[in-house]
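Asker: Sequence first, then the predicted structure:
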Amino acid sequence: MANRKASQAKPERTFREILASSLLALFALWLFLSIIGAPPSSSFIPASSFNRFGGPAGAIFTAPLVSAFGYFAVFVPVLLMIFAVGRSFHLPLRKVLVLAGQVVAGHAILAGLLGLPSGVLSTDIVGDYGLLLSATMRSVFGGLGAYAFSITLFVAFVAVITRLDIRSTLSSAGKGISGARSWISARKSRKQTRDESSREEIFAKYSGRVKEEHTGGITGSLIPGEFASAEPPIERRAPETIEVAPEKAHANDNSNSNYMEFIPPPIRRNPKPAFADEKSAPPPPPPPAPAETIDPKKFARDTDPKPGPEKKRDIPPLASPFHDEEFEREHKPVIGHEPPLPEPVFEDKSPDIKSIYEKKPVEKATVSPSHSEPMHHSATYKYSPPPLDILVEPEHEPNGLSDDALHRRSQRLLETLRSFNVDGEIREICPGPVITRFELEPAVGVKVSRIANLADDIALALKAQDIRIVAPIPGKGAVGIEVPNDNMQIVRIKSEIAGDDFHSKKHALPLALGKRVDGSPAVADLTKMPHLLIAGSTGSGKSVCINSIITSLVYSLSPRDLRLVLIDPKRLELSVYKGIPHLAAPIVVEPKHASIALNWATEEMDARYKLLSEVGVRSIADYNAFIDAHPEREELEKLPFIVVIVDELADLMLTVAGEIEEPIARLAQMARAVGIHLIIATQRPSVDVITGLIKSNFPSRIAFKVRSKIDSRTILDMGGAERLLGRGDMLYLPSGYADPIRIHGCLITTEETERVVKYLRTFPNPFSDDMLDMEEQENVISAQADQDELFWEAAKIVVMYQQGSTSFLQRKLRIGYTRAGCIIDQLEMAGIVGPFQGSKAREVLVKDLDAIDEMKDAGVSV
């Protein structure tokens, strides 16, 4: 028994075995750290010369291992550690060898798998050994076959090592997925139950409020299923009530039993202008009074400095979209149609409209203006704006969709939103000439961002071209969903120019831009902008917008009150306006002439500022009012507005960017107070065209349809222009506003523009003597460019010492003989010194320095 127990006892470990196993374990640990600290094989540092953890000895030992096996060489110290532990604990040799074989096999499988992706990273991890294995598998099994073989081999190896039952594992995974699906379904069911209960509470509360309003005698939305009483029709502008038949209400209940009952929202429309349907218009008003009592401002600014009394209007003016109060929604409009505006009668007889097209345009003079004084106008000039007859009448079309169609579309919109778990209620429908805006009030807890992300889904459900979501509408607790109409109306410029808002006194430079979403006129004042940047893709409506702006200006102001500088590098868009009396310069088509025109505008700005400072006023309006209040100052005359229009900025930025960017920035920063305004358009809204210097000085911007959201952000600093419809659809960002206003631009055809221009050419240009001569200005600039930069300093030295010779200038200015001789020749051409007299010094013709200063101020050049 004693011998059996002794044989079953574990052998005791000797000191030699403990020491050997400990040293082997320490060596394995040191080798492991050395492999980790070695530089990768792809590094430019040799592995045999540097090691972070192992030192020089570690670098020498690990260099061949890292080169052969990469960082997977750690399997070598792992094998050493296994043998050290087996030796220390007297493990069976078979068990130690099996464990070591598993490590080697796992290393080979992983090295082959990780070596399949070619690259520097694979080389660093698995080394040449792994790349050799992966290349062998790729040559035998192909690319995808090598991956499939390696992954299958790795899964089988893990299953054998861990003794994993694949069938039971898959069964457990299936049970886990089924349990998770059941938990999600139960959670969704509980959420739907809570939503339905909260929806029923909201509907019950709303139904009670509607019933109280109805019993109290308040006219509002009818309860579905209730018949409306026989009452007079409500004006289209005011929110109107729409009956819903009982059977239609029951049909809605059957089709949408899970949702709230659909309540038709009110529809707000704008009345048609009187001239839109002359047959249905009321009888015309009594004939107008004699000419002296008619207010010419009904169609244009009075050219007489003393304006006559203005008639009081019985019809309130339409609310301008650019006032501080967005809409006078709460004021009830006057029922009925607006009577047609009478044709104005002016003091001067306008030529017969038939004889206009037989006359030739008046030839313009090309005398270079003097910049010592600002531009003034003639007090005896007579002008009458073009008649409205030459403009195309607006089409006689119904105002958008019918009420039933709008309600069906709103109900379809609500169903689409509810299918995406977005609840809400449409509070108002605003039909316009091109789009219809549905004002959705989201339910409690619905994020606005969720609605904004559903733009494409809503467009698909409504079968619309593209929709735009305004989230939220400024000043309202609602989200605006703007849907294009099936039949889009054409907004004619005549309907805008004939409106009261265009002829309001509060607009000094009115611009008829078009109509807003609800059909109200969009008239802006250029003096409040004070400069306008227009951008959009090709064919989006920029040129038509510029033509509408020019037409608005010539209809509202006479040539003595308005001067136009038109810059058209494309040579086609603005050339039609050649010869009109409002021009301050010929149509500019050359890029080098564009810089001349802009520099002329800056000189005019400086001259006007000097004049305003002498009078002691701060703006052009105050200056003109001062002249009206002081008729005894006969030497002073009123200053006209100057509007500089650039049709294509991109071409100028490619050719003369350095010459135009500075004057544009100066005019945009300072010219507002003296009545000079800029309108710049471009079809390439990129940062290299609309630079930061230009963009920062144009607070008012118009964006037509662009290709991407990046272009929209370049123009407006926000997205939205990429979802416009094109053909005049625009986003207008007024100065001081945070959100843009959507407008559909008014259309003026080429034939209308030609008729307006032909009429305007019958009037002379009151500033024909001050017209800017581009050729003369170009010669002056060329001469100034050839003039030496030391010219005026040399002139002062010659006059001060009364000695004009080349050697004298050479000593005083410390320049070369050749340059000094050129300066002497330039002084002779300027009339400061006399001709060459041989060995004698030249005669100095100017005797005092004040004369030199006067010549410099007058712009004398060689």
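Answerer: Here it is on my side, so go on.
Asker: what about stretch 728-740, start to end distance?
Answerer: 15 Å (C-alpha to C-alpha, to the nearest Å).
Asker: buried sites along it?
Answerer: Going by neighbour count (16 or more other C-beta atoms under 10 Å), the buried part of stretch 728-740 is 728-734, 740. Placement of C-beta: from N, CA and C, glycine included.
Asker: same deal with stretch 89-97?
Answerer: Val96.
Asker: What of stretch 618-630?
Answerer: Per 16+ other C-beta under 10 Å, stretch 618-630 contains these buried residues: 620, 623-624, 626-627.
Asker: what does stretch 28-42 give?
Answerer: Neighbour-count burial for stretch 28-42 flags 28, 30-41 (criterion: 16+ other C-beta under 10 Å).
Asker: now, which of these sits nearest Glu604?
Answerer: Pro40 (70.5 Å; C-beta to C-beta).
Asker: And the helix or strand hosting Phe149, what does it pack against?
Answerer: For Phe149, the element it lies in under DSSP states H and E is helix 143-162. Applying 3 or more C-beta pairs under 8 Å, 6 or more residues apart in numbering; DSSP states H and E, we find helix 143-162 packed against helix 93-114, helix 120-141.
Asker: Serialize those helices to a markdown table and add fields for distance to Ala512 and mean pLDDT.
Answerer: Output for those, formatted as a markdown table (distance: least, C-beta to C-beta, whole Å; pLDDT from 0 to 100):
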| stretch | distance to Ala512 | mean pLDDT |
| --- | --- | --- |
| helix 93-114 | 71 | 78 |
| helix 120-141 | 65 | 73 |
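Asker: Distance to Gly514 added to these, as TSV?
Answerer: Formatted as TSV, the helices and strands packed on helix 143-162 follow (distance: least, C-beta to C-beta, whole Å):
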stretch	distance to Gly514
helix 93-114	65
helix 120-141	60
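Asker: Pick the most deeply packed of those helices.
Answerer: Burial among the helices and strands packed on helix 143-162, expressed as mean neighbours by mean count of other C-beta atoms under 10 Å, is greatest for helix 120-141, which shows a mean of 18.
Asker: where along this structure do the strands fall?
Answerer: For the chain, the strands defined by DSSP state E cover 424-431, 435-442, 468-470, 479-484, 510-516, 521-525, 532-535, 562-567, 641-646, 676-682, 700-703, 729-733, 741-745.
Asker: what's the neighbour count on the closest residue to Ile426 other than its chain neighbours?
Answerer: Spatial nearest neighbour of Ile426, chain neighbours left out: Pro265 (4.4 Å); criterion: C-beta to C-beta, 6 or more residues apart in numbering. Pro265 is flanked by 23 other residues according to other C-beta atoms under 10 Å.
Asker: Any figure for the gap between Pro265 and Ile481?
Answerer: 12 Å (C-beta to C-beta, to the nearest Å).
Asker: and for the two, which residues touch both?
Answerer: Phe438 (C-beta atoms under 8 Å, 6 or more residues apart in numbering).
Asker: who touches Gly719 in this structure?
Answerer: 709, 712-713.
Asker: Report the separation between it and Val85.
Answerer: Per C-beta to C-beta, Gly719 is found 66 Å from Val85.
Asker: what does Trp792 give?
Answerer: Remark: distance between Trp792 and Val85 (C-beta to C-beta) = 97 Å.
Asker: same check, this time on His531
Answerer: 84 Å.
Asker: For these two, indicate the residue with more neighbours.
Answerer: The neighbour comparison of His531 against Val85 (other C-beta under 10 Å) goes to His531, with 25 against 16.
Asker: so that one touches Lys695, yeah?
Answerer: No - using C-beta atoms under 8 Å, His531 makes no contact with Lys695, being 11.1 Å away.
Asker: Please report how far the closest residue to Ile645 other than its chain neighbours lies from Leu553.
Answerer: Leaving aside its sequence neighbours, Ile645 sits nearest to Ile679 (C-beta to C-beta, 6+ apart; 4.7 Å). Computed as C-beta to C-beta, the Ile679 to Leu553 distance reads 10 Å.
Asker: Can you pull the residues that touch both of these two?
Answerer: With C-beta under 8 Å, 6+ apart as the test, Ile679 and Leu553 both reach Val643.
Asker: Comparing the two, which shows the higher neighbour count?
Answerer: Taking neighbours as other C-beta under 10 Å, Ile679 and Leu553 compare with Ile679 leading, 25 against 22.
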